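Chemist: Just to be clear, the model below is a prediction. Sequence and coordinates:
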Amino acid sequence: MQTVYDFNVKTIDGKEASLRNFEGNTLLIVNTASKCGFTPQFEGLQKLYEEYKERDFIILGFPCDQFKNQEFSDIQDTIDFCQSNYGVTFPIFAKIDVNGDNEHPLYTYLKKQKGGILSKNIKWNFTKFLVDRNGQVVERYAPTTRPSKIRKDIEKLLRK
């Protein structure tokens, strides 16, 4: 059975990295953007990460520029923005596409596991996927879902 651990992604310096490096952790995978109305969610995401990282919880941020070009063209600008404005310390990867012809295979998998209400496509920045320790997608959250609203679901997975 396929899991999120079967995928490779690019780090911010362009190197290939296996998501197998996160095996055994509860994950929250988020497509992010630095210049979006939902960008302040970085603060809530960072709070969740700090609260649960000692219990093997990791947030994986994937910058995406597919929605009204709301991401910096240079990944270093993205990293600097996230760190200086929101204190982000969770892993952020290279920019990816989450829909369309150049869609990253990870997102093809995520959307297949948990489709949206009207379609499987990602509708906007800050769509979130909660993944259990076995690499299975257990929930998908809309961009409007504040990180604090995911806390109960995270705690359930951390107890297992």
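Modeler: Cool, got the structure.
Chemist: Could you list every helix and strand in contact with the worst-scoring helix or strand of the chain on mean pLDDT?
Modeler: Lowest mean confidence among the helices and strands of the chain (mean pLDDT, DSSP states H and E): helix 75-86, at a mean of 85. Packing partners of helix 75-86 (3 or more Cβ pairs under 8 Å, 6 or more residues apart in numbering; DSSP states H and E): helix 41-52, strand 57-63. Placement of C-beta: from N, CA and C, glycine included.
Chemist: Could you report the neighbour count for Lys35?
Modeler: 14 (other Cβ atoms under 10 Å).
Chemist: what's it sitting at in phi/psi?
Modeler: The phi/psi pair for Lys35 (degrees, to the nearest 10) reads phi -120, psi 40.
Chemist: where does this protein have low pLDDT?
Modeler: Low-confidence regions of the chain, defined by pLDDT under 70, span residues 116-119, 160.
Chemist: Quick one: residues contacting the nearest residue to Arg151 once chain neighbours are set aside.
Modeler: Excluding the flanking residues, the one nearest Arg151 by Cβ to Cβ, 6 or more residues apart in numbering is Leu48, at 6.8 Å. By Cβ atoms under 8 Å, 6 or more residues apart in numbering, Leu48 lies in contact with Leu28, Phe57, Ile59, Pro147, Ser148, Ile150, Arg151, Ile154.
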